[in-house]
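Novice: fold the following.
(chains A, B, C and D, ligands or ions: 6)
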Amino acid sequence: MPSITKPLIPLVPLLRNELGLTLQDYAGGMSTLCAGCGHDSITAALIQTFWELSVPPHMIAKLSGIGCSSKTPAYFASHAHGFNSVHGRMATIATGAGAANRDLLLVGVSGDGDSLSIGLGHLCHAIRRNVRMLYLIENNGVYGLTKGQFSASADIGSTSRRGEANLLQAVDPILLGLSLGATFLARGFSGDKEQLVPILKAAAAHDGFALVDIISPCVQFNDHEGSTKSYRYMRDHELKEIDADFISAHEEIVEVLGPGLATDVAMHDGGRVRFRAVPEDYDPRDRGGVEAYLRDRVGHGEIVTGLLYIDESVPDMHGLGRTPREPLVNLPYQKLCPGKDELRRFQESFR
Amino acid sequence: MPSITKPLIPLVPLLRNELGLTLQDYAGGMSTLCAGCGHDSITAALIQTFWELSVPPHMIAKLSGIGCSSKTPAYFASHAHGFNSVHGRMATIATGAGAANRDLLLVGVSGDGDSLSIGLGHLCHAIRRNVRMLYLIENNGVYGLTKGQFSASADIGSTSRRGEANLLQAVDPILLGLSLGATFLARGFSGDKEQLVPILKAAAAHDGFALVDIISPCVQFNDHEGSTKSYRYMRDHELKEIDADFISAHEEIVEVLGPGLATDVAMHDGGRVRFRAVPEDYDPRDRGGVEAYLRDRVGHGEIVTGLLYIDESVPDMHGLGRTPREPLVNLPYQKLCPGKDELRRFQESFR
Amino acid sequence: MLQAEIQAATRVNDFAIKLANVNGTGSASANSLLMQAIFRMGVPVSGKNLFPSNIQGLPTWYEIRVNADGHTSRSLEYDLMVAMNGQTYAQDIAEVRSGGYLLFDDSWPLELELRRPDVTFLGVPLARLCADKFASSRERILMKNVAYAGALVALLDLDPELVAQLLTESYGHRQQLLESNQLALRLGYEYARGNFSCPLPCHVERLDKTRDLIMIDGNTATALGALYAGATVAAWYPITPATSVMENFIRLCAKYRREAVPDANPGEPAFRNNYLVVQAEDELAALGVVVGASWAGARAFTSTSGPGLSLMSELLGLAYYTEVPAVVVDVQRAGPSTGMPTRVQQADILMAAYASHGDTKQLLLFPADPGECFHLTVLAFDLAERFQTPVLVLSDLDIGMNDWAVPELTWDDAYVPDRGRVLGEQELQEISEFFRYSDEDQLSVTPRTLPGVSPRGAYFVRGSGHDRLGGYTERPDDYQQVVDRLLAKHRAAADHMPAPVLEQRPGAQVGVITVGSCDLAVREAVQLLSQAGVEASYLRVRGFPFPAQVRQFIDDHEICFVVEQNRDAQLKALIQVETGAPSEKLRSVLVYGGLPLSAREVVAGIKRQLEV
Amino acid sequence: MLQAEIQAATRVNDFAIKLANVNGTGSASANSLLMQAIFRMGVPVSGKNLFPSNIQGLPTWYEIRVNADGHTSRSLEYDLMVAMNGQTYAQDIAEVRSGGYLLFDDSWPLELELRRPDVTFLGVPLARLCADKFASSRERILMKNVAYAGALVALLDLDPELVAQLLTESYGHRQQLLESNQLALRLGYEYARGNFSCPLPCHVERLDKTRDLIMIDGNTATALGALYAGATVAAWYPITPATSVMENFIRLCAKYRREAVPDANPGEPAFRNNYLVVQAEDELAALGVVVGASWAGARAFTSTSGPGLSLMSELLGLAYYTEVPAVVVDVQRAGPSTGMPTRVQQADILMAAYASHGDTKQLLLFPADPGECFHLTVLAFDLAERFQTPVLVLSDLDIGMNDWAVPELTWDDAYVPDRGRVLGEQELQEISEFFRYSDEDQLSVTPRTLPGVSPRGAYFVRGSGHDRLGGYTERPDDYQQVVDRLLAKHRAAADHMPAPVLEQRPGAQVGVITVGSCDLAVREAVQLLSQAGVEASYLRVRGFPFPAQVRQFIDDHEICFVVEQNRDAQLKALIQVETGAPSEKLRSVLVYGGLPLSAREVVAGIKRQLEV
Ligand SMILES: Cc1ncc(C[n+]2csc(CCOP(=O)(O)OP(=O)(O)O)c2C)c(N)n1
Ligand SMILES: Cc1ncc(C[n+]2csc(CCOP(=O)(O)OP(=O)(O)O)c2C)c(N)n1
Ligand code: SF4
Ligand code: SF4
Ligand SMILES: [Mg+2]
Ligand SMILES: [Mg+2]
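Specialist: Numbers count the residues shown, from 1 in each chain, chains lettered A, B, ... in the order given. Ligands and ions are numbered 1, 2, ... in the order given. Predicted coordinates:
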């Protein structure tokens, strides 16, 4: 039949997680992205992550803006609520959803256009508020959906399909996040699910804003030699600095790693993330060191992946707001309304 | 007479600059800001700067958003064109004005609310485009005009007049600028005109986006002990790292400074800025060093002032756009219109 | 002579004062002290703050109108001017009515050419009096205000004990300040008693007409409404004149929504906030937060003014199309653009009604005073959830920032929020499969579900084309089915909007239609017109889509004047388009200089057109 | 029989084809090759691309209508379906008219139940043919399209030499590609000739009706207009369907605005760009750049679609109130919200007309085809500068992204841009003092000055309240003076807007009013109505504020139908409010499923209401 075969996300249908759910239970609708699009690989990693974490699907809130990347929430976790909103405003909508119901696992999926152009201000302020959420930038250096214009993360000198060269410096969300006091910063590559899943698990467990920048090649408009977001470039230049291996609090199995090579970071929810740092002394909690290291590697034209920075000392939006542990949506109306008599008392000062 | 006496900006009326103009010729309308407002001091520094630089007033384009700070373009350079626009969008309007007429000296005056809240995305992108302009943030940590809400640069733990404490991390425009590849970053204090004027001169001469963050206490809503933007705090904590002394290319007089203590930086327009670095080895061209140094001082609760970072290697927006040296507004229409015959030729491919 | 006539002649309980001050000199508390005192004496009164968009140093005015019959819209006839601002002497002196009075600080001589023979000048050496008694310059500036208030207490025959009582209520906890105030008040009071024949013909006599009233500003009342409606999430970006909506909401929440945690661990906060207010980075973000919170099931709202509303346009379209409730309070100010932030208009009507590109139609509520701000804000949450759509409460600066005498706010403890059609876990178990945009009720509303409740309720919201199952579509029929239902829903909402306030006059051939803070002035104008032989019926719209009464009212009258404060006749345009009323029957009375409306302007506007 | 009747019977030069494809398989070039060939044969033709908001894999359609009389709006009756998408077989087969044809790839058998007895199925083993001749799967996919085009050349009796010529024009510079195309074309052609009786009754015969026409899409024409108008600064943010406006502008500038620098230093670029296009971070920024550039004296513009327009709302108010020219091209798509980005509506009319809070009224231009896109874009710059205000060019997806046959664009080299009232250095010397908002002309325009020209021309622009001198004000009179002039200016602009296109039919009691891309369908409908005995006059608005002819037209007819593609009758509403025309005379015909309009829909909409 003359139609394009879509990449079927390979699922192992029989394994069950703690909730008794199979990978299939975390699947979504059929992708309408281009065959080979990096975003589909990230979708697969997300499915794997939620399954491994045994998240009840309906506790996931999937949010996105507009773009090819922002379509992907339709392709995973059909049993989760999803909100494909407008271009660039996802962070604000997620902030509201999280404010109302802190029990939701907010999963924001965005693109580099969505997050670094039109939505840049909101991203910065969501970082500042430390909204507890997983915020993915499916970063391909282009506006995929509008057919290949440079985004703010396009590399200097990379050329578009039309042959123009980008002359502007790329916005690096990791460096940006560091300058704003972000509490969780990681970078992955859509083509490397083995590294990505542990990063996503760590991000999901972080009690604050977890920004994951994922290099995700656009096969239509940016998978060419001029761009660092292409597969070819990634395969040559990717530098796996850190392997994040997430161990959920529920199962205490720890991968035995060579002594002296590992750094353990405790998560607020009791989970722990273990890092195997390729540079032996890499410490994702040392902001100065992280900054210097990243700068250095960027200077060498390298892309550093892994869990790059984490600070668990900052309370999230709800901690700052001193809200109850119970989601605000669950508070009964009686708790919220001061009632008739109080209204009368209150008005005494208005006479 | 029962009215409030405004601070009259002290002008020395008889001295004339190279254009034969007096300071008075760079003055503006009467300020309607509060007596003692830091913004008025910055206005005075701007008047001094333009006078010293002998800028023809009508070549100055003053732009602002909305806020007390954004009102100040009305208080200097009456003979310059001014555009008091809408909240947060000044950078975009300046970008357009600069695109049209690159001969204008664009002077953007903004507040921390205007630039770091609503206008943050535009500020970041103007930095990225390296629009040639002087961009001032008159930074008081509050929304002055709307009566004292915390802005995004309010210090953690500072308390407002109403007694609430700010719990969010401050956005530091200098660190932000560094992460985005800004080409000129400086910080001044409204109370220290001696340091400010040379900084402004250097900024005006920079061939790209010159961001000057100026701590400017709001006497009404933020001049109290809880805030690092108060006079008291500044006087106690200010750390003058660098004294920038701008020497215009037209007059070659150089202040003789102790040898070994100075760093000279050449400006694109031929001007030179000389820095007296308090830490002997401070080099505003070494991004890594600057970042580490600033982090370190911020960590000690100090505010570093002076010309903090400069990179003259990046072309400005017009350099990137390869426009002619002549402003686009001056191109005669004949140069712009391909004409009738060309239209006919062009349409041959549409048959 | 009837008592009313006597009063008119002597201007007892029927007069207006204007106080000219310098912004930032602390006159506000002295001025409201005076208004408060009159209110406590049982006499209907209003106070209008005409202030500049500035923090300190520019001219500012305060107008007090006293009227036994409750006509307290702005008067343009000033019986007494308190001229405390040298910069505006000329203008202020010119504004006193012939035969009126002017009180000024004669610590400095008043230039002779400013004097008017038909006005009595009452010089009080305020600065000198205060200089003698107060040491710091700050106190001298502040206390001058209290001193003129003291003089007015004497001149207007206000009850000194009552005023003393008010001072104690305000400053009782700060003894020194209280004493300064008492002293300053006495200085002015005694000077006036000693030097002028007190009281003036325009003065106050006790009545009993404010017993059931309170004095409150609309923004406080709006905040109370949000509190009582059970809003738990709010997001905002400061903007005049809406700022105090949220500042009050925060204050109220800190008072009423803070729950003690008795078993808090040491080091942990001993209380919990049963609310979360996000000061957003801009208005787009503020509405985004509200949409997100509402989607997740909270009652959420934001407050803003014109420029913010423009910025919210795209997200208003999203909420409309995805059917997410959202409450937006727009405290209107004078446009266009930044316009005059401290001036009033109702000029966001068209923009609000059709906010966003594409075919969008919003629900609007139009409160006319703080009392309605309270009740309509509560209603806004009910309607937003009932109809799953944004509801915009279009208040304005006059209502929002001035104190109004309104009946004490009441609350029915039996009130239960109308959450509209929301399926819970139980209900979801009972249906075979949930589809977001199917199963419409007679109001064309389809049930929604909330995230986190049940995997059976999961659905995917999208601002892009969708069919009745919630699926993505680009098919004409499927797309139309949904937008047609949205239109039907908007129509259905008309019957659920608050009914217009209607005062039909028997035999009236003229109708007057108005909105919002124009209310009082237009009511007074209707009376004045009647005295002048023109009987006019009155209708005030309170919600859009318009209930059928609006069209009926137009049909019932030969000609209808639409009175509103904007240049472009926005309410009239909306009525025209949406009711299809014959345009030749509708006339406009437009007053849009930015100051609160006065009956005189309305009468003039109507008479001018009736004479033609 | 008349020739026309013969043609109708045999469907020579009067038929429609629909091609069903999969997005991203390269069918576009094959389809436009066919349309192009028909066009070159001198026969009026149109091509409508009905594509999804997707990059690859979803169904997409292309419709070609051939009509000797130039009725080339969308036909809903398909004589020939080319069914290349298995996913949509059922739907596509159902859509062929009875007696029509369906061409499909019979490399795979077609399920029997899909067959229709009243349709002739033409199976061509496209995949097999291509598999034999082409090695790479990429080529096989691409060449299948060319192969069916080849079959259609035979079936429709297109001139093979002409088609070969077209291929050479396209691929001449890439020999290998050319050869593949030629081969594929031949495969299809020969298969059809060998297996079917060619041509079909619906086929093409040479005419001479396209000699003076070109085939062009509106966005390219708009870009040309901006180029010819002398725009030097542009700013944009990509959005479907407006993206190609700016992409074409960039391409055109690279071609026509690049100036060689013969004396460039080594290492320096050897050319200069006499333009600057800013790809902005969002639409707010894009309009900000345009406002800044226009203020500084450049001709500047931006292009966007609905969501972007919503975001521009606040800045549109700023430009309106500060009287800064700005040209905004809005290529409308189907709303609300994200809506259907690849579908057409005219649904931003109300939002555009009253864009922004407060009292704002914008100037609008409504092109109906690419020819008007070109000319009205040029006019937009003239009007924006003449009236110192934003001008919004409301195009739409059908005009912007489809190829239309329009008369060759012409240019008058005597054209001089109307820069409006701008004072230069010389003129400034001659006046005593310059004030920005004084000295109005009969059009209520006051002269402006440009920064950098003269210190005498300096002024201060503010979006806050200002008086006629340009000073800050909060005084009612001073404020009103300016906004009243703005209203007068808007009214004055009516006479300078392009006149409506008018076709009065003698004795017609029915009028039909329309806008934009509805043009062709409505014209055809008027003819069809006439054949059915209903004489209707035709008016198409081209600008807002409406020139007097619009009201006159309504007055001249008993009843007027307003045909537009939106749900809420936005054009009708605007006409009602702004002309004050009696609402009972206006009826709506609304078609808003998102596909280009067809005459059939218009006729049905009108007839339905005439019969009632
Ligand atoms: C307000 C607004 N402006 C523009 C668009 C058009 N638009 C849709 S997606 C997109 C860019 C998407 O880029 P990115 O976020 O990087 O996603 P990608 O497609 O590359 O995954 C744009 C500009 C829009 N939908 N809304
Ligand atoms: C769109 C919009 N939102 C809100 C406002 C109200 N507003 C005016 S000034 C201001 C904040 C100003 O703060 P900042 O930029 O720090 O200036 P400052 O007054 O402190 O100098 C705000 C929120 C506005 N004018 N426009
Ligand atoms: S265009 Fe690029 S980003 Fe979009 S679906 Fe295709 S490959 Fe992915
Ligand atoms: S409020 Fe603050 S920022 Fe504004 S003028 Fe007064 S002192 Fe300056
Ligand atoms: Mg992208
Ligand atoms: Mg500030």
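
Novice: residue 100 - how many residues pack around it?
Specialist: Using chain A here. When neighbours are defined as other Cβ atoms under 10 Å in any protein chain shown, A:Ala100 has 29 of them. Where you see a C-beta, it was placed from the backbone N, CA and C, and this is true even at glycine.

Novice: hmm, no, I was thinking of chain C.
Specialist: C:Gly100: 24 neighbours (other Cβ under 10 Å).

Novice: in contact with it, which residues?
Specialist: C:Tyr78, C:Asp79, C:Leu80, C:Met81, C:Val119, C:Thr120 (Cβ atoms under 8 Å, 6 or more residues apart in numbering or on different chains).

Novice: now stretch C:96-112: mean pLDDT?
Specialist: Averaging pLDDT along stretch C:96-112 yields 93.

Novice: which parts of it are buried?
Specialist: Residues C:Val96, C:Arg97, C:Gly100, C:Tyr101, C:Leu102, C:Leu103, C:Phe104, C:Asp105, C:Ser107, C:Leu110 are the ones in stretch C:96-112 that count as buried (16 or more other Cβ atoms under 10 Å in any protein chain shown).

Novice: what parts of the stretch 201-350 of chain A come near chain D?
Specialist: Residues of the stretch 201-350 of chain A lying close to chain D by Cβ under 8 Å from any Cβ of the partner chain are A:Gln220.

Novice: just the strands in the stretch 201-350 of chain A please.
Specialist: Ranges of strands in the stretch 201-350 of chain A, per DSSP state E, counting those that start in this stretch, are A:209-215, A:238-240, A:242-247, A:262-266, A:272-277, A:303-310.

Novice: what is the first one packed up against?
Specialist: Secondary structure elements in contact with strand A:209-215, counted by 3 or more Cβ pairs under 8 Å, 6 or more residues apart in numbering or on different chains; DSSP states H and E, are helix A:38-53, helix A:120-129, strand A:133-139, helix A:173-180, strand A:184-189, helix A:193-205.

Novice: of all the ones you listed, which one is nearest ligand 3?
Specialist: Smallest distance to ligand 3 across the helices and strands packed on strand A:209-215 (Cβ to the nearest ligand atom): 5.3 Å, for helix A:38-53.

Novice: what mean pLDDT would you report for the closest one?
Specialist: Across helix A:38-53, pLDDT averages out at 96.

Novice: next SSE after it?
Specialist: Where DSSP states H and E defines the elements, the next helix or strand beyond helix A:38-53 is strand A:60-64.

Novice: near ligand 3 at all, that next one?
Specialist: No: Strand A:60-64 lies out of reach of ligand 3 by Cβ under 6 Å from any ligand atom, never closer than 13.3 Å.

Novice: the inter-axis angle of that strand versus helix A:38-53?
Specialist: Taking axes from the mean of the first three to the mean of the last three Cα atoms, to 10 degrees, one finds strand A:60-64 and helix A:38-53 inclined to each other by 160 degrees.

Novice: list the neighbouring strands of strand A:60-64 plus their orientation.
Specialist: Strand A:60-64 has the following strand partners under DSSP bridges: strand A:81-84 (parallel), strand A:105-111 (parallel).

Novice: now intersect the contacts of C:Gly100 with the strands, please.
Specialist: C:Tyr78, C:Asp79, C:Leu80, C:Met81, C:Thr120 (DSSP state E).

Novice: list buried residues within the residues you listed.
Specialist: By neighbour count, with 16+ other Cβ under 10 Å, these hold C:Tyr78, C:Asp79, C:Leu80, C:Met81 as buried.

Novice: the first one against C:Leu19, yeah?
Specialist: No: when contacts are counted by Cβ atoms under 8 Å, C:Tyr78 is not listed as touching C:Leu19 (9.8 Å).

Novice: what parts of chain A come near ligand 1?
Specialist: Checking chain A against ligand 1 by Cβ under 6 Å from any ligand atom, the hits are A:66-69, A:87, A:111-114, A:138, A:140, A:142-146, A:151, A:218.

Novice: near ligand 5, which residues of chain A show up?
Specialist: A:Gly111, A:Asp112, A:Gly113, A:Asn140 (Cβ under 5 Å from the ion).

Novice: need the max-distance pair from those residues.
Specialist: Comparing every pair within the residues of chain A next to ligand 5 by Cβ to Cβ identifies A:Gly113 and A:Asn140 as the most remote, at 9.1 Å.

Novice: can you tell me how far A:Ala27 sits from D:Leu76?
Specialist: The spacing between A:Ala27 and D:Leu76, counted by Cβ to Cβ, to the nearest Å, is 39 Å.

Novice: between the two, which has more neighbouring residues?
Specialist: Between A:Ala27 and D:Leu76, counted using other Cβ under 10 Å, the more crowded position is A:Ala27 (20 against 14).

Novice: hmm, back to that, between C:Tyr78 and C:Leu19, what contacts are shared?
Specialist: Common neighbours of C:Tyr78 and C:Leu19 (Cβ under 8 Å, 6+ apart) are C:Glu63.

Novice: which residues of the chain score low on pLDDT?
Specialist: All of this is about chain A. The model of chain A has pLDDT under 70 over residues A:1-13, A:161-162, A:223-228, A:230-280.

Novice: wait, chain C
Specialist: The model of chain C has pLDDT under 70 over residues C:1-9, C:612.

Novice: let me know the outermost residue of it.
Specialist: C:Ser432 (47.9 Å; Cα atoms, centre = their mean).

Novice: am I right that that one is in a helix?
Specialist: No: assessed by DSSP: H, G, I helix; E, B strand; the rest coil, C:Ser432 does not belong to a helix; its assignment is coil.

Novice: backbone phi and psi for it, please?
Specialist: In terms of degrees, to the nearest 10, the main-chain angles of C:Ser432 are phi -70, psi -40.

Novice: check the gap between the residue nearest to A:Met133 when sequence neighbours are not counted and C:Val289 for me.
Specialist: The shortest distance from A:Met133 to any non-neighbouring residue, by Cβ to Cβ, 6 or more residues apart in numbering or on different chains, is to A:Leu106 (3.6 Å). According to Cβ to Cβ, A:Leu106 and C:Val289 sit 13 Å apart.
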